[in-house]
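*Asks:* dropping the sequence and predicted coords here.
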Amino acid sequence: MTVRAARIITACVAVLALHAREGNAVGVRAPFPVAVRARIDVQLLATESAGEWTVTSRSPGDESRFMADVTAGNRATGVAYLKGASNWSEADDALGRVKFRAEQGDYLHAFTWADSATAELRLFGDERRFFTGEMGTAVVDDDHAATFEHRIGGRADAHARSLRAVYWIAALDDGDTRRASQYGSIRFSPMPAFVGVGYLHDNPAAGENRSVAKVEAAGYLRHATAIASFEESGTGSGAAFPSGSWTEFDSGHYAAAAPDNAATFVEARTRRTRIGENNLFDASYQYGAVGRDYQNDLSSLLPGSVTNRAWVDWAHRRYALDARLAAARVVRSGFEESTRRGIDLTARARLIDNSECLLRAGARRDALVTGKESSGFVHAAYTRELREFMGGIHVLVDDIGEDANAAAGAELRLNWSSTTAVSGRWIVTDRAGGSDALWMRLEFRPTRRAWVTLGYGRESRGDDPYFIEDRDVMPGKDDGNVVTLSVRGDL
């Protein structure tokens, strides 16, 4: 750049700055909206072991994290999203410094031809975009796909009145193995029916490719619905197609007659069935049969299993009473030989003082190769929730019929103000080899975009919906006390 050019640029900048000071600043409107957000979460964990406290920092146990993301675009240009983060648990050198890495992102563009015809095209990286929308069991379970370290691909969804089509192609990588996965489905849903076909194809870098073909149908009439699906898996070269053979029904056993590489799911359900003036019932039944040779590690189906489940829900129209009775029978003949039966009852009553009484009971009976085992449990609770207070008392008797043990617990939450609250739970047990559990946390919001917590105990103990039934609250050994300080800020 010459001296003359530099002087011209300097003069222009000075004129613009003077013009802005006079209140006539020239603004430049962005062609599309851009939003930037960030969050920093610093957690300090102190653990007591053998009478000494150890502070976790710059280690795999350090959960501190900085995150920033940007969203840009609109309906005309498409919307792009990119998020990056620095995780303290992933120290990159001896000094404990961490790098800022891209974690996930996508680009979405929507198209509309008419009120009843739309389509979406999405390019994604390391995101959970594997929902299939099937009414029965899913060929691809999004939780299973999320276990891969990298998930990069594209997805297209199209809708036209009662017709819907889905297609995606993605590269799945967990560091050691890689595969290319494709899925496509077409669904037609004229009222009151539903019919769909789908196809999944996996092509790993080593070994034979795998495929799953599926057909499903559903329908409803008044208060009753029914769903049925059938799928087969196969291996081969190129575009592998399923192939299986049916056997005679001489045994009268559907699971034995169906192909060994097939999976069947059936569900029947009735809703709002009234008996008398005030009693409402919902009833459901599910049947699932998965052959021993069924192969699909992206599905939650268990090869070599036959499952029967049924439950009935009851509610009273005049009083706040409801209950559920559920039973299940699972027969496994693949990885293990077993028959597991169980029955559970859950009943609730809500009173006019905003309190609730809970009663749960259940029984299990397992027939294993090593013998038969039976057990049961009873769980009773009383809780009350007010505007600034919630508290409850729980009692559990577990392992009835084997080595019965008892546990008692209390939970509370107190909102001191709109920015300060304290919550906690306490469990005591006489379970052999178990230990009591205490967890307390103080929450404070100094500003609208900041959050500070100070906790004592392990939050994972008792984090289930029925906290006293969580086995994490009764570990085999005492892991020591834990103090956690967390400071989070949103920008």
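*Replies:* It's in.
*Asks:* which element, helix or strand, includes residue 267?
*Replies:* Element membership for residue 267, per DSSP states H and E: strand 262-275.
*Asks:* and that strand, what does it pack against?
*Replies:* With contacts defined as 3 or more C-beta pairs under 8 Å, 6 or more residues apart in numbering; DSSP states H and E, strand 262-275 has these neighbours: strand 224-236, strand 279-290. Just so you know, the C-beta spots here come from the backbone N, C-alpha and C atoms, and that holds for glycine as well.
*Asks:* what residues sit buried inside that strand?
*Replies:* Within strand 262-275, the residues that count as buried by 16 or more other C-beta atoms under 10 Å are 262, 263, 264, 265, 266, 267, 269, 270.
*Asks:* apart from its neighbours in sequence, what residue is nearest the third one?
*Replies:* Once its chain neighbours are removed from consideration, residue 264 has its nearest residue in residue 289; the separation is 4.8 Å (C-beta to C-beta, 6 or more residues apart in numbering).
*Asks:* isn't the one you found up against residue 257?
*Replies:* No - the pair residue 289 / residue 257 is not scored as a contact, 9.8 Å apart, by C-beta atoms under 8 Å.
*Asks:* quick one, which of those two is more surrounded?
*Replies:* Neighbour count, other C-beta atoms under 10 Å: between residue 289 and residue 257, residue 289 has more, with 24 against 14.
*Asks:* pLDDT at that one, what is it?
*Replies:* Looking at residue 289, its pLDDT stands at 95.
*Asks:* tally of neighbours for residue 185?
*Replies:* For residue 185, the neighbour count with other C-beta under 10 Å is 20.
*Asks:* where does residue 468 land in three-state SS?
*Replies:* Put simply, residue 468 is helix when judged by DSSP: H, G, I helix; E, B strand; the rest coil.
*Asks:* wait, a helix at residue 255?
*Replies:* Yes - judged by three-state DSSP, residue 255 forms part of a helix.
*Asks:* list the contacts of it.
*Replies:* Counting by C-beta atoms under 8 Å, 6 or more residues apart in numbering, residue 255 touches 264, 289, 291, 306.
*Asks:* could you report the pLDDT at it?
*Replies:* As predicted, residue 255 sits at a pLDDT of 86.
*Asks:* before we move on, what about residue 475?
*Replies:* 52.
*Asks:* which residues sit in contact with the residue nearest to residue 264?
*Replies:* Shown in contact with residue 289 (C-beta under 8 Å, 6+ apart): 254, 255, 258, 262, 263, 264, 305, 306, 307.
*Asks:* residue 85 is in contact with residue 40, correct?
*Replies:* No - the pair residue 40 and residue 85 fails to qualify as a contact (C-beta under 8 Å) at a distance of 10.2 Å.
*Asks:* overlap of the contact sets of those two?
*Replies:* Common contact partners of residue 40 and residue 85 (C-beta under 8 Å, 6+ apart): 65, 66, 67.
*Asks:* quick one: those residues as CSV, columns for neighbour count and distance to residue 163 too.
*Replies:* Listed next are these as CSV, based on neighbours: other C-beta atoms under 10 Å; distance: C-beta to C-beta, whole Å:
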residue, neighbour count, distance to residue 163
65, 18, 43
66, 17, 45
67, 17, 39
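*Asks:* can you redo the residues you listed as a markdown table with distance to residue 301, pLDDT and secondary structure?
*Replies:* Formatted as a markdown table, the shared contacts of residue 40 and residue 85 follow (distance: C-beta to C-beta, whole Å; pLDDT from 0 to 100; DSSP: H, G, I helix; E, B strand; the rest coil):
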| residue | distance to residue 301 | pLDDT | secondary structure |
| --- | --- | --- | --- |
| 65 | 35 | 91 | strand |
| 66 | 39 | 93 | strand |
| 67 | 35 | 95 | strand |
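*Asks:* returning to what we had before: who has more neighbours out of residue 40 and residue 85?
*Replies:* Taking neighbours as other C-beta under 10 Å, residue 40 and residue 85 compare with residue 85 leading, 18 against 15.
*Asks:* just the element for the more buried one, please.
*Replies:* For residue 85, the element it lies in under DSSP H and E is strand 78-87.
*Asks:* strand partners (parallel or antiparallel) of that strand?
*Replies:* strand 65-74 (antiparallel), strand 101-114 (antiparallel) (DSSP bridges).
*Asks:* so which of the ones you listed comes closest to residue 482?
*Replies:* Closest to residue 482 of the strands paired with strand 78-87, according to C-beta to C-beta: strand 65-74, at 18.9 Å.
*Asks:* how about that closest one: buried residues?
*Replies:* For strand 65-74, using 16+ other C-beta under 10 Å, the buried residues are 65, 66, 67, 68, 69, 72, 73.
*Asks:* pLDDT of the strand holding residue 267, averaged?
*Replies:* Here the average pLDDT along strand 262-275 is 93.
*Asks:* quick one: contacts of it?
*Replies:* Here strand 262-275 makes contact (C-beta under 8 Å, 6+ apart) with 136-137, 223-233, 242, 244, 254-255, 258, 280-291, 294, 299, 301.
*Asks:* now, of those residues, which are buried?
*Replies:* Buried members of the contacts of strand 262-275, counted by 16+ other C-beta under 10 Å: 136-137, 225, 227-233, 242, 255, 258, 280, 282-291, 294, 299, 301.
*Asks:* what residue lies at the spatial centre of the chain?
*Replies:* For the chain, the residue nearest the mean C-alpha position is residue 143 (6.6 Å; C-alpha atoms, centre = their mean).
*Asks:* sec struct for that one, please.
*Replies:* Residue 143 falls in the helix class when you classify it by three-state DSSP.
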